[in-house]
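>>> fold the following, please.
(2 chains)
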Amino acid sequence: MNEQFLYSLQKPPRPEFAAALLNEINTHPSEMNHHKHFGVSPWVIGFASFFLILALTFGLVPSAKALAIEFLQKIGIVTFEEKDQINISRAPNGKGVITITEQEARDFFAIPFTLPTWVPEGFEVDPAFFRVEAPVEELSPVVRSQWHGDRGYIDLTIVPNDKKWEDRYKDRPENVGPGSVEEVDINGSPAALISGGWTADKFPEVGETLTYTWSSEAGRGSILWVQDELLYTINWTYLPDTQDPIQNDEIIQMARSIP
Amino acid sequence: MTSTSNFAKYFDRATSSVDWETVYASELPRVFNFFRYSVGNDMLAEDLTAETFRKAWQNRHKYDHNRGAFSTWLFSIARHTAVDHFRSQKPEFPIESIANLQANNPSETTILQQEDLTRLSTILSQYPVRERELIALKFGAGCSNKEIAIQIGISATNVSTLLHRILQKIREAWEVNE
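Prediction:
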């Protein structure tokens, strides 16, 4: 009897059991069929990242301000402030996600959109994640798709570059960490590439206010640009214990592959 | 600051997201074997595994990746589930599991493996819960000493020392039973 013998007593769970448990969880009545992530609904991820990127795009480093203002005036959305820390109050979860096919999304969306023709190795599109999402204020529709891999996931959000978004966010400054963005070129358009995010010592309860600090090592990032009257946002998150984090260059290549 | 609050509250929630299906595929076998080694009974291990994942799902909003890997959080739920089970049950000697396997016409290898697991479980059932837990985490869930150290709040060196002692006890008990 040795250690190898003790390891040899492992066995996989029965496939019927694994499938039944997964099915039970996926169909549980308590908000389970609307999202696939712990602690957050998909539309929240998309909008949150979208807001972040807009803020970063338009309120950043002085040397980039001219381009940012031009970009801001073009889509007329938000202003922002750079801070090291902010206080955040957690609100209840939102709703409003409709899972559809890609063709249904194209029928629903007023403006034709295109998807990346290249994604990082090991990532596959999640066909169940193609969605039209309606924010609570009935803003413009949002289309989202997602790619999964062993290293994490990559999420693409597309919204029309229209006046509804301008009106919604033009008077709402957003806070981001200092020096967390750089400008890159995506198919001839200026794009904001952001690394990092707000972090806190704990996850807040609903209604609780916590102080958050910006971290460039938060394990996530975003890139945003306008192309053919559409505002594209790619967000990526790599799994906390991955040995191979998603690289900025991979995301830039993915963004540039959108025809 | 209204806009800041709106933005940040959404973003905060986004940062703590974990891909459920990836987690399920990678962690289900580990949690299942953690319970198999803890209780020595496949059917009971399935029940406790299901209970663990239900709890994880229901409390997923409490997970904060800034405080550790998701697997660490998941196994803390599994460990508490195991402790609750041991508190609510008399010591088990899961002999009936062999009969169940035979009824399903398993292979000889499977039966022998189950017999060994039952024998190991019988030996472990006489040890403190902490020692059973160490064996289940190490050899059932396949945790590293460092992962176990984080789980139970001692150093990796202490984990190594404790495992060495427990393994010695198991070897002696195993030989006595042969």
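>>> okay, buried residues for stretch A:176-188 please.
Neighbour counts over stretch A:176-188 (16 or more other CB atoms under 10 Å in any protein chain shown) mark A:176-177, A:180-184, A:186 as buried. Any C-beta I mention is one placed from the backbone N, CA and C, and that applies to glycine too.
>>> which of those residues has the weakest pLDDT?
Lowest pLDDT within the buried residues of stretch A:176-188 is found at residue A:176 (70).
>>> quick one: that one and residue A:158, what's the gap?
22 Å (CB to CB, to the nearest Å).
>>> for the buried residues of stretch A:176-188, which one is nearest chain B?
Relative to chain B, the closest of those is residue A:176; by CB to the nearest CB it sits at 9.0 Å.
>>> distance of that closest one from residue A:190?
Distance from residue A:176 to residue A:190, by CB to CB: 17 Å.
>>> before we move on, what about residue A:147?
Where residue A:190 is concerned, residue A:147 sits at a distance of 25 Å (CB to CB).
>>> do the same with residue B:83
Distance, residue B:83 to residue A:190, by CB to CB: 56 Å.
>>> more neighbours: which of those two?
residue A:190 (17 against 14; other CB atoms under 10 Å in any protein chain shown).
>>> now the more buried one: which helix or strand?
strand A:189-195 (DSSP states H and E).
>>> so that strand, near chain B or not?
No: on the criterion CB under 8 Å from any CB of the partner chain, strand A:189-195 is out of touch with chain B, staying 10.9 Å away.
>>> so which residue is dead centre in chain B?
Centroid-nearest residue in chain B: residue B:34, 3.1 Å away (criterion: CA atoms, centre = their mean).
>>> excluding covalently adjacent residues, which one is nearest to it?
Using CB to CB, 6 or more residues apart in numbering or on different chains and skipping the chain neighbours, the partner closest in space to residue B:34 is residue B:141 (4.1 Å).
>>> any residues touching stretch B:165-174, and which ones?
A:1, A:3, A:6, B:119-120, B:123-124, B:126-127, B:131, B:134-135 (CB atoms under 8 Å, 6 or more residues apart in numbering or on different chains).
>>> neighbour count, distance to residue B:155 and pLDDT added to the residues you listed, as a markdown table?
Below are the contacts of stretch B:165-174 laid out as a markdown table (neighbours: other CB atoms under 10 Å in any protein chain shown; distance: CB to CB, whole Å; pLDDT from 0 to 100):
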| residue | neighbour count | distance to residue B:155 | pLDDT |
| --- | --- | --- | --- |
| A:1 | 16 | 27 | 72 |
| A:3 | 11 | 20 | 82 |
| A:6 | 19 | 22 | 89 |
| B:119 | 17 | 31 | 83 |
| B:120 | 22 | 26 | 86 |
| B:123 | 20 | 26 | 86 |
| B:124 | 24 | 23 | 85 |
| B:126 | 11 | 27 | 83 |
| B:127 | 16 | 21 | 83 |
| B:131 | 17 | 17 | 87 |
| B:134 | 25 | 14 | 91 |
| B:135 | 23 | 18 | 92 |
